[in-house]
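Trainee: the following block contains a protein sequence and its predicted model.
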Amino acid sequence: MFIFSQLIHSLAMVLDLAFKIYYFLLLARIFLSWVNPSSYNPIVQFIYGVTEPFLGIIRRFIPLRIGVFDLSPIFAFLIIAFLQNFLVGVLLKMSMMIK
């Protein structure tokens, strides 16, 4: 049982790291929208390519735009925070209960 518990704990830590990385990618996208960089830059293309599918889903269900301001990243941050707290917390609790 120890191995299964450790596996779930490790999965929780990897999931937590993935949520943190995605959070910072969204933050980088917000900063990039302020400076309007070249769209041919491979880093900019990567950040937009990784974040656009999630933001596109949010925009489809909650079309929030105030003037030129897109508020979908705010909802993305809230969703990521909720999923991070819920999923990582549940997995960590499960790993503690299995021990």
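Mentor: Perfect, thanks for sending it. Numbering: from 1, shown residues only.
Trainee: point to the helix or strand of this structure where mean pLDDT is at its lowest.
Mentor: strand 65-66 (a mean of 76; mean pLDDT, DSSP states H and E).
Trainee: so how far is whichever helix or strand comes after that one from its chain's centroid?
Mentor: Using DSSP states H and E, the helix or strand that follows strand 65-66 in sequence is strand 69-70. Here strand 69-70 is found 19 Å from its chain centre; the criterion is Cα atoms, centre = their mean, to the nearest Å.
Trainee: cool, stretch 33-40 as well?
Mentor: 21 Å.
Trainee: starting at the chain centroid, how far to the helix or strand harbouring residue 12?
Mentor: Residue 12 is part of helix 2-35 when elements are defined by DSSP H and E. When C-alpha coordinates are averaged (Cα atoms, centre = their mean), helix 2-35 and its chain have centres 7 Å apart.
Trainee: related to what we said a few turns ago, which residues touch the least confident helix or strand of the chain?
Mentor: residue 71 (Cβ atoms under 8 Å, 6 or more residues apart in numbering). Yep, even glycine has a C-beta here, placed from its N, CA and C like the rest.
Trainee: ok, now with 10 Å
Mentor: 59, 71, 72 (Cβ atoms under 10 Å, 6 or more residues apart in numbering).
Trainee: what about the second one, how many neighbours?
Mentor: In other words, residue 71. 14 (other Cβ atoms under 10 Å).
Trainee: do the same with residue 76
Mentor: Applying other Cβ under 10 Å, I find that residue 76 has 21 neighbouring residues.
Trainee: need the three-state assignment for it.
Mentor: Using DSSP: H, G, I helix; E, B strand; the rest coil, the structure places residue 76 in helix.
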